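> Sequence first, predicted coordinates after that:
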Amino acid sequence: MQPARIALTVNGQRHSLPLEPDMPLLWVLRDELGLTGTKYGCGIGQCGACTVRMAGAPVRSCTLPVSAVTGAVTTIEGLGTAAAPHPVQQAWIDTQVAQCGYCQSGQIIAAVCLLAEHPAPTPAQIDAAMTNLCRCGTYARVRIAIARAAAALGAATGDRT
Amino acid sequence: MSGPRTGQAGTLTRRAFMIGSVAIAGGVAFGVYQVRKPHPNPLRDAVAQGDAGPAVTLNPYLVIDADGVAIVTPRAEMGQGVQTTLAALVAEELELPWEAVRTLHGPAAAAYFNAAVLAAAVPYPSWDHGWLAAGLRGVAGTAGKLLGLQITGGSTSTADAFVKMRKAGAAARLVLIAAAAARWGRDAAALQAHQGAVLDPASGERLPYTALAVDAAALEPPADPPLKPRAQWRLLGHSLPRVDMAAKCTGSARFGIDVQLPGMRYATVVANPYLGGHRAGFDARRAERMRGVVRVVDLGPAHGDALAVVADNSWRAFRAAAALDIDWRPAPDVLGDSAAMLDAMADAIDTLAADATPRDDGDVERALRIARAEARTVIEAEYRAPFLAHTTLEPPAAVALRETDRLTLWCGHQAPTLLRDLAAEQAGLAPAQVDVRVQYLGGGFGRRAEVDFALQAAAVAAALPGTPVKLTWTREADIRHDVYRPAAVARCIGVPGRDGLPETALLQIASPSVIRSFSARAGLPAMGPDKLITEGAAMQPYRIPNYRVVGYAPDSPVPLGYWRSVGASYNGFFHECFLDELAAAGGVDPMDMRLALTRDYPFAQAVLEALRALCGWDTPLPTADGRRRGRGLAMTHAFGSTVAQVVEVSDGDDGIRVERVHCVADVGLALDPAIIEAQLQSGIVYGLSAAIMEAITFKDGRVQQSNFHDYDALRLARMPDIRVRILQSGDAPTGVGEPGTPPSKPALANAIFAATGERIREYPLNRHITFA
């Protein structure tokens, strides 16, 4: 497809880039914007390493054409930093989830979306939402970290009310 | 804690101005001068090249600058937590607070040789500490040093580092104390190292290491400093926060695929899909006209006639690669069908001479003759295992920059000195002109001991001098062009004795040699029998009166590689499923049988007893929900560790569910229990994924699978509950990265037998039974 000027908002920043409309969002993030925290794993939406948050929901950016981006995008870099991690990231650190770490950006984004929709998710809701592939098999600690993050976010909400 | 805690030695050069003293001699010293002489400290060059600010290197594992102490952890961090544990070895003796520890991977250097990986290759069981076995291990380790192999593999990193990195920390502590003693004019014996400083307990005065490093580097460190007794450890033996964790949870950890350089171009490769085939011609005109394409590079025969497309964006390179019109031709004489390959492996047991017979107790022929003459039960079974891919979640990727008289490579790699040497050869450079900068590995599992993808990146970069090139394989390329875990066939014959216990067991195992395949690619010598073909079946801690394990090494057209737990990944399945068959035939409980067979091996008995208690072996499983349930047991001694597992399954209308895995592992000495638990869980998931659903098959010379839709692995929803218990029977650590994998497959198959009565002798098991 011929390039067109495409506008998108990533981690609160607006961008306008001349791009082929069918370029997947993943490669816009990684190769055009330099946001390498979002990973390439399969290119067919199977593994979830490329998961980002769009308008609150998890999407597989490797199969989402940039022209189909319909809302603000949040990547792992937009959640928090090592110095000031997001509560879900903090739960991941406290649980020592990551091994090789390559899938964890996608896992954490998926968990953030899950907890936004279901602040106290049931095991079935966790199973349904957390479909990301982890070749290191960190799943047991992913479950623990989600419970920990749910508790932390719930307590924080409780404090405010 | 803020900011990155890990990095590359090269990044220190900016503020470096002087170098330190003599390198510490590592683990192996064998009485020959050339061998005793340490390899030069590679950090001297890295640190000396800088031009501002003080940095000092005391030995190959330490750099001290104004920001504090950085510990070089020269093993690939592929998820196994090795940089954390190696750093803890140095920090323990150096009296560094854990919060202050920074790590660097360090350069590719002979000083970081891995003696343990070669020592593990000697043909004696790891529990044999007799003079001959120990002597041969020493020779093999010495050869490893002479070759300067810096390898992360064989579950050897902590065993290799356990003494030498603690000694490095202790020696540095002693020269830092000596430097403080000289500065103060006091007796060194009255001073202490404490929390990153030298302390005078009498006066309460402190001098931080950063203030003493320059003086300390001028002192000769002791060659053999005493080490702390285990009872005084404050870091080792404890679960520490990993040094890589915050970066990996915030997207800031840099993997090979994430390296970005100014002016960088993006490439991918299209390789020959046919085993041993060739390229008759190609037309790149359409690809070359596509948006963003820089050029198409013919990588030539050295890379199997692969073509690389270079573009200004990875996706554009992928698209243009798909638009290449290439006339690939199959090889005429290659056996290109995996079912036929497995049949040929089975035939090899009859037609080939044995490659090795690593276990031969009693007289198997005589015992079988007598058993048949007496018309006793003789169990014969053939087992099969498929080819497997690694599918590291980060696909093969590397960044290369070719400049005049210099080549720099950035990637995750398990054998950086090997890569450096082969890249130098390809580029016509000296090894010293090649700089391999090892990044985090998005999974290793043996795949990143291979040099193919990085040498391709170097070849593409050679065509674009001065331009950094990131080469990324598609997942399809990864699955179709892996170096595969070999398929294998085992023919097993056994006889239960009159007491029900196995009296005779013969396992004949045929599988093409990984060592020969890897060595041919890497230009390394491969002599003698391939111990890996029988690894995990031979040298198991069992006593059976007539017990023989034979390996056969048929040729294979398939490129083969090290895959997590290597030979044990299929032999655990063969051996432990067959023992389960013998237990059933003899009418004995599989746990009681193994406890009886391990009576000469108390460490294995302890593992089994602990597992019996952990899993409630003697308590019946619930049946109230109408599902049939079963437990399966397996044990494998591999990489120096003994690991036994019980898998629980249930069977219902929706098929088999893997409910629970209980695992007991004797790891010698547990340096970091939380990391060890994670590694064992990881090994189990890797093994169960393969056992349930993974296979690479060939048809007409081509791999039939291409991505995760047809080569999947376990996901969270099907993840069983895994309980791990760690035992420590030794005074040194043994392997943990791989030994969780071998017993998981047979424990699952044995559980399915217990639940359903169906004995499945081939995996993936989903070819024969439905999983929920």
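Great, that's in hand.
> With adjacent residues omitted, what lies nearest to the residue of the stretch 501-650 of chain B found nearest chain A?
Residue nearest to chain A within the stretch 501-650 of chain B: B:Arg564 (9.9 Å; C-beta to the nearest C-beta). C-betas here are computed from N, CA, C, even on glycine. Counting by C-beta to C-beta, 6 or more residues apart in numbering or on different chains, B:Arg564 lies nearest to B:Phe445, which is 4.6 Å off, once chain neighbours are set aside.
> Now do the helix or strand harbouring B:Ile692: which elements does it pack against?
Assigned by DSSP states H and E, B:Ile692 belongs to helix B:673-693. Using 3 or more C-beta pairs under 8 Å, 6 or more residues apart in numbering or on different chains; DSSP states H and E as the contact test, the elements touching helix B:673-693 are helix A:139-160, helix B:568-586, strand B:655-666, strand B:721-727, helix B:744-756.
> run the last query once more with 10 Å
helix A:139-160, helix B:82-94, helix B:568-586, strand B:641-652, strand B:655-666, strand B:721-727, helix B:744-756 (3 or more C-beta pairs under 10 Å, 6 or more residues apart in numbering or on different chains; DSSP states H and E).
> Show the average pLDDT along that helix.
Helix B:673-693 carries an average pLDDT of 98.
> residue ranges of the helices in chain A, please?
A:25-27, A:87-95, A:104-117, A:123-129, A:139-160 (DSSP state H).
> Rebuild the ones you listed as CSV, extending it with mean pLDDT and distance to B:Leu191.
CSV is the format used below for the helices of chain A (pLDDT from 0 to 100; distance: least, C-beta to C-beta, whole Å):
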stretch, mean pLDDT, distance to B:Leu191
helix A:25-27, 98, 56
helix A:87-95, 98, 37
helix A:104-117, 98, 44
helix A:123-129, 98, 54
helix A:139-160, 89, 43
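> ok, the residue minimising distance to the centre of chain A - contacts?
Central residue of chain A (C-alpha atoms, centre = their mean): A:Ile109, 2.6 Å from the mean position. By C-beta atoms under 10 Å, 6 or more residues apart in numbering or on different chains, the residues touching A:Ile109 are A:37-38, A:48, A:50-53, A:58-59, A:61, A:74-76, A:78-79, A:88, A:132, B:251.
> Take those and keep only those in strands.
Among the contacts of A:Ile109, the residues falling in strands (DSSP state E) are A:51-53, A:58-59, A:74.
> Which among the residues you listed count as buried?
A:51-53, A:58-59, A:74 (16 or more other C-beta atoms under 10 Å in any protein chain shown).
> Reformat these into TSV and put distance to B:Pro733 and pLDDT next to each item.
What follows is these, written out as TSV (distance: C-beta to C-beta, whole Å; pLDDT from 0 to 100):
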residue	distance to B:Pro733	pLDDT
A:Thr51	36	98
A:Val52	40	98
A:Arg53	41	98
A:Pro58	40	98
A:Val59	43	98
A:Thr74	41	98
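> For stretch B:285-299, buried residues please.
Those would be B:287, B:290, B:292-297, B:299, for stretch B:285-299 by 16+ other C-beta under 10 Å.
> cool, and stretch A:83-97?
For stretch A:83-97, burial by neighbour count (16+ other C-beta under 10 Å) applies to A:85-97.
> which of those residues are close to chain B?
Near chain B, taking C-beta under 10 Å from any C-beta of the partner chain as the test, the members of the buried residues of stretch A:83-97 found are A:85-86, A:88-97.
> mind checking how far stretch B:69-81 is from the chain centre?
14 Å (C-alpha atoms, centre = their mean, to the nearest Å).
> can that stretch be found next to chain A?
Yes: using C-beta under 10 Å from any C-beta, stretch B:69-81 reaches chain A at B:77-81.
> can you count the residues close to the closest residue to A:Ala120 other than its chain neighbours?
The shortest distance from A:Ala120 to any non-neighbouring residue, by C-beta to C-beta, 6+ apart, is to A:Ala150 (5.7 Å). When neighbours are counted by other C-beta atoms under 10 Å in any protein chain shown, A:Ala150 registers 21.
> how near is A:Ala150 to A:Gly106?
19 Å (C-beta to C-beta, to the nearest Å).
> re the thing from before, among the residues of stretch B:69-81 next to chain A, name the buried ones.
Judged by 16+ other C-beta under 10 Å, buried ones among these: B:77-81.
> Point out where chain B drops to low pLDDT.
Within chain B, the segments meeting pLDDT under 70 span B:1-39, B:43-58, B:117-148.
> Distance of the residue nearest the centre of it relative to B:Gln80?
Centroid-nearest residue in chain B, with C-alpha atoms, centre = their mean: B:Gly153, separated by 3.7 Å. Note on B:Gly153: its distance to B:Gln80, by C-beta to C-beta, is 11 Å.
> got any residues that touch both of these two?
With C-beta under 10 Å, 6+ apart as the test, B:Gly153 and B:Gln80 both reach B:444, B:737-738.
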